[in-house]
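Student: Structure, please.
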Amino acid sequence: MTLALTVALLATVSAAEVDGEAVQWEETVLTFSGPRCAEGGTPSPFTDVRATVTFSHEESGKLLSVPAYFAADGNAAQSGATEGSKWRAHFRPHLSGRWTYRIDIRVGKGVAISDKQMPGEAFGEGDDGASGKIDIEGAVFTQPVPGPMIAPRYVDERYLKDVATGQYWLKLGAGSPENFLAYADFDGTRSVKGEVRSRKNDHKRTVGFLHRYEPHIKDWNDGDLVWHTSKGKGIIGAINYLSSRGVNSIYMLTMNVIGDGQDVWPWTGPEERDRYDVSKLAQWEIVFDHMDRKGMMINLITQEQENDQLLDGGELGPERKLYYRELIARFAHHRAITWDLGEEITNTEEQTIAFADYFSKLDPYGHLISVHTFPKDQEKRYPPLLGDKSKVTATAIQTSGGKSQVAQSVQRWVKESAAAGKPWVVMVDEPGTAGEGAKPDADAPNRDFDRRYHLWPALMSGGGGIDWYFGYKFPHHDLNLEDFRSRDELWRQSKVAIDFFHENLPFARMESADDLLKTDSKYVHCLAETDEIYCVFAPKGAEFSLKLGHGRYQAHEFDPIKGGPLRPLYKAEVDGNDFTRPPKGAANRDRVVLYQRVRRDG
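Tutor: Numbering: from 1, shown residues only. A predicted model of the protein is given here:
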């Protein structure tokens, strides 16, 4: 990636500090003076102050209303400060040219989550009412496929599209540990639960367990960010390792009070609901910023089943509105966010729709909004959210271990969401059984089950990507994982699949086409652009034949385990009625067969 880096910050009446590259798609940070507050003080900087920065693009007239937040002394990640008069907004412009901005600060009881346009009264001091101008230089990108992501967005298609580069994006995610943010180096972080679960064969955590990711300290590099002089190396190193293996998303709860882990919350304590821990959240921001640098999606799971009634009894009330506003203000500027409305959600249809509406209304950058369900709840949870019934744009599918569940679920929701007029990005976030998930390499060295029944079926069925969940029965599981190398072979084989799609398939134009197959196996899958290109995945032992459109085709074979280049097989002339078979004897291994139409000269 190359960027033009000319910066022009113009003199204005604002005394705000403006930091950043002032380049299209890159982050610019405004830190300004507002009410002097303390985390636990009166007035509350969370409920009783609403700071907003409105950015206006002079040429197009486009507006971005960006929520701002209390930043204490402006350096809380390092200082641990709990009070101050600094407020902050993050601006990531999608258009080059001149932008003007205006800072508005309203004060009064409950103004932060008021539905009124001008609640309370103007602060009238500091930078309230100040304005300024920023010239944003255009960006030029030159990068290989798939390249680092710049700005993946939902574009009314079943795949996220990087609107900066025009390339489509597929997720390869670490779906465990769900308490990724239960990290010992974060301020104010502790476990309020002892041993987790009591199931037979459960690998328990010790009392007071927090992640340290010590095996990944060696993956931290000179120049990577830390806080409090030397803290953060384990979690930053873990991100470095995952990125090196092709992982481009991490799944994490932002709140698990009374849930499985009971070790992650954004507040000053697990009993608080409206007092936020400024230094802890600033340290989360350092981690998320590093994920940005590595081109990774931040998959934020805002609640889990055990606590989805915790805020306002499950309603979109004051506590939940404030929680969502704080998340959006502090983190929506990142390159790729998924706002997941709840893991194994049990909120009502009306509540879920209201949650999605609120995120859609307040998030200035239009990130993905998803819903995670129990495996058997898809029928109950998803249909009421289809089409224009809600602002939901993605699934987070969980299965219970059946070999054909992933393919069936992905195909169904790709089809039904498209029929409803708003194609969803159909993600698989928890494949496998609850207890086992994706086992460590030591217990599944060949990754045969994960590859055959989860990874390739998710992609071949038109899915937008996959997260790997690690269960609770094996070491390095969903709550106590310390070493992501425990699944190194899983990452490697997953990257083989993702790279194959990016390098060989126009997958955004292709559709699931299992009906073109003749096979005795339920686990052979076809993805096709009719009359142009056909791709078939077949697990070991599965024979198939394929009905191609009329024309001449070149067949290639690809190894889904080792990867590598395509291997030419043969050319075939097809009249449109015949079924074409791969070479005999090929069924002794997993394979991918690619049929590409060959145009005749002239």
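Student: Residues contacting stretch 574-593, please?
Tutor: Applying C-beta atoms under 8 Å, 6 or more residues apart in numbering, the external contacts of stretch 574-593 come out as 448, 451-452, 456, 500, 518, 535-553, 555-561, 569-570, 572, 595. C-beta here means a position set from N, CA and C on the backbone, and glycine is covered the same way.
Student: Kindly check the end-to-end length of that stretch for me.
Tutor: 16 Å (C-alpha to C-alpha, to the nearest Å).
Student: Could you report the distance from Gly401 to Gly435?
Tutor: From Gly401 across to Gly435, the span is 9 Å (C-beta to C-beta, to the nearest Å).
Student: tell me which element the residue nearest the centre of the chain falls in.
Tutor: The chain has Asn299 as the residue nearest its centroid, 3.2 Å off, counting by C-alpha atoms, centre = their mean. If you go by DSSP states H and E, Asn299 is part of strand 297-301.
Student: Now do the very next helix or strand once past that strand: which elements does it pack against?
Tutor: Remark: after strand 297-301, the chain's next helix or strand is helix 318-331, criterion DSSP H and E. Helix 318-331 is packed against strand 63-67, strand 69-70, helix 278-293, strand 297-301, helix 349-362, with contacts defined by 3 or more C-beta pairs under 8 Å, 6 or more residues apart in numbering; DSSP states H and E.
Student: Average pLDDT for the third one, rounded please.
Tutor: The one in question is helix 278-293. What helix 278-293 shows for mean pLDDT is 98.
Student: Run through the residues that contact Cys37.
Tutor: Cys37 makes contacts with Pro43, Ser44, Pro45, Val49, Phe70, Glu83, Gly84, Ser85, as judged by C-beta under 8 Å, 6+ apart.
Student: Of those residues, just say which sits nearest to Ile136.
Tutor: Phe70 (26.5 Å; C-beta to C-beta).
Student: Specify the beta-bridge partners of that closest one.
Tutor: Residues in a beta bridge with Phe70, per DSSP bridges, are Trp87.
Student: check contacts around it.
Tutor: Per C-beta under 8 Å, 6+ apart, neighbours of Phe70: Gly34, Cys37, Pro45, Phe46, Val49, Lys86, Trp87, Tyr276, Val278.
Student: Equivalent analysis for Lys218, please.
Tutor: Taking C-beta under 8 Å, 6+ apart, we find Lys218 in contact with Gly237.
Student: how close does Leu566 sit to Ser494?
Tutor: Distance from Leu566 to Ser494, counting by C-beta to C-beta: 19 Å.
Student: quick one: terminal-to-terminal distance for stretch 47-67?
Tutor: Using C-alpha to C-alpha, the end-to-end distance of stretch 47-67 comes to 13 Å.
Student: Make TSV out of the helices and strands packed on helix 318-331 and add distance to Arg190.
Tutor: Converted to TSV, these look like this (distance: least, C-beta to C-beta, whole Å):
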stretch	distance to Arg190
strand 63-67	29
strand 69-70	23
helix 278-293	11
strand 297-301	20
helix 349-362	28
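Student: Any idea which of the ones you listed gets closest to Val406?
Tutor: Comparing those under C-beta to C-beta, the one sitting nearest is strand 297-301, at 18.0 Å.
Student: Let me see the contact set for Glu319.
Tutor: Arg273, Asp274, Leu311, Asp312.
Student: three-state assignment of Arg56?
Tutor: Residue 56: Ser, not Arg. strand (DSSP: H, G, I helix; E, B strand; the rest coil).
Student: make that Asp531, sorry
Tutor: Asp531 ends up coil, using three-state DSSP.
Student: Ile250 is in contact with the residue nearest to the centre of the chain, correct?
Tutor: Yes: between Asn299 and Ile250 there is a contact under C-beta atoms under 8 Å: 6.3 Å.
Student: Could you list the low-confidence segments of the stretch 51-200 of the chain?
Tutor: Within the stretch 51-200 of the chain, the ranges that satisfy pLDDT under 70 run 142-147, 194-200.
Student: Can you show me the strands along it?
Tutor: Using DSSP state E, counting those that start in this stretch, the strands of the stretch 51-200 of the chain run over residues 63-67, 69-70, 83-91, 97-107, 121-122, 131-136, 152-153, 160-162, 168-169, 171-174.
Student: average model confidence for the strand holding Asn299?
Tutor: With pLDDT averaged residue by residue, strand 297-301 scores 99.
Student: So that it lines up with my notes, have the first residue be 750 from now on.
Tutor: Shifting the count to begin at 750 puts that one at strand 1046-1050.
Student: can you pull the contacts of Trp1147?
Tutor: To be clear, residue 1147 is Gln; Trp isn't right here. Counted by C-beta under 8 Å, 6+ apart, Gln1147 has contacts Glu1093, His1121, Thr1122, Phe1123, Pro1124, Asp1178, Glu1179, Pro1180, Tyr1218.
Student: Quick check: pLDDT value at it.
Tutor: At Gln1147, the predicted lDDT confidence score is 98.
Student: picking that back up, shared neighbours of Asn1048 and Ile999, anything?
Tutor: Counting by C-beta under 8 Å, 6+ apart, the common neighbours of Asn1048 and Ile999 are Gly922.
Student: Done for today, thanks.
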